[in-house]
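>>> Quick one, what's the 3D model for this:
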Amino acid sequence: MNPQCARCNLVVYPTEKVNCLDKYWHKGCFSCESCKMTLNMKNYKGFEKRPYCNAHYPKTNFTCVADTPENLRLKQQSKMQSTVLYKEDFEKNKGKGFSAVADTPEMQRIKKTQNQISNIKYHEEFEKRKQGGEPTLQQKPPSPVPYQAPEPAAAAPPPSTGKRFKAVYDYAAADEDEVSFLDGDVIADVQQIDEGWMYGRVERTGLAGMLPANYVEAM
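Numbering: from 1, shown residues only. Here you go, the predicted structure:
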């Protein structure tokens, strides 16, 4: 039984039959879908099982890649590599903080706000300490002047001169020949040993010894 023409649907006899694009055509019906120019097996171009001339062949733009087994395998492989690289980078930078955060306008605004909050809290804490009588940085006691040991002949303190001093800071003795006292204690029988140290007796405890001169003031 003779087949039908894909163009005109009439019977195609063997003498005029063209077998192309999985269809049968009359030689005169095998023409371009756009301009109807008669084609042959050498100059036709097929698209979706339809013949076209070279000038009217549809220009196709492939916007997506077909999900063939090979493409799916490559996609999965790329995803696995990205996951591995992310984990390696995370482990490498773990514990180092966020030092590489982009310095965007939003991050700059957040950083500025945090600095302002820190400054406000610092000043509030400073005022609380000042009002509560706690020592501030300027009120901390000075460091004692290093003591230069006197000659053995001058080890004994000179006779009492009767001078009295008042402690302005707490002091804890750092050696056996020193004396401890508290802020406000009265130091009696004070004698100057050198520029940085004195000898005296704490009236509250009755103990006597050397003390730093910059921790007391004359009464």
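
>>> can we go C-alpha only for contacts and neighbour counts from here?
Will do.

>>> ok, which stretches of the chain are helices?
Ranges of helices within the chain are 69-93, 105-131, based on DSSP state H.

>>> who wins for proximity to D175 among those helices?
Evaluated with CA to CA, these place helix 105-131 nearest to D175, the distance being 32.3 Å.

>>> Show me how far the closest one is from its chain's centre.
The chain centroid and the centroid of helix 105-131 are separated by 20 Å under CA atoms, centre = their mean, to the nearest Å.

>>> Show the average pLDDT along that helix.
Mean pLDDT, taken over the full extent of helix 105-131, equals 76.

>>> other SSEs contacting that helix?
If contacts are counted by 3 or more CA pairs under 8 Å, 6 or more residues apart in numbering; DSSP states H and E, helix 105-131 sits against no helix or strand.

>>> domain ranges for the chain?
When the chain is parsed with automatic domain parsing, its domains come out as 1-60, 160-218.

>>> Quick check: mean pLDDT of the shortest one?
To tie it back to what came earlier, the one meant is domain 160-218. Mean per-residue pLDDT for domain 160-218: 90.

>>> and what of stretch 9-18?
Here the average pLDDT along stretch 9-18 is 88.

>>> mind checking the end-to-end distance for it?
14 Å (CA to CA, to the nearest Å).

>>> For it, buried residues please.
11-13, 17-18 (16 or more other CA atoms under 10 Å).

>>> on that earlier part again, what's the closest of the domains of the chain to Q76?
Per CA to CA, nearest to Q76 of these: domain 1-60, 27.5 Å.

>>> Dump the domains of the chain into JSON lines; add distance to S143 as well.
Formatted as JSON lines, those follow (distance: least, CA to CA, whole Å):
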{"stretch": "domain 1-60", "distance to S143": "87"}
{"stretch": "domain 160-218", "distance to S143": "8"}
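
>>> Of these, which stretch is the most buried?
Across those, averaging neighbours per residue (mean count of other CA atoms under 10 Å) puts domain 160-218 on top, at a mean of 17.

>>> got the contact list for A173?
Residues in contact with A173 (CA atoms under 8 Å, 6 or more residues apart in numbering) are 179-180, 211.

>>> so what's the backbone phi/psi at it?
Here is the backbone geometry of A173 (degrees, to the nearest 10): phi -60, psi 130.

>>> and of the contacts of A173, the nearest to Q81?
Among these, and counting by CA to CA, the member closest to Q81 is S180, at 70.2 Å.
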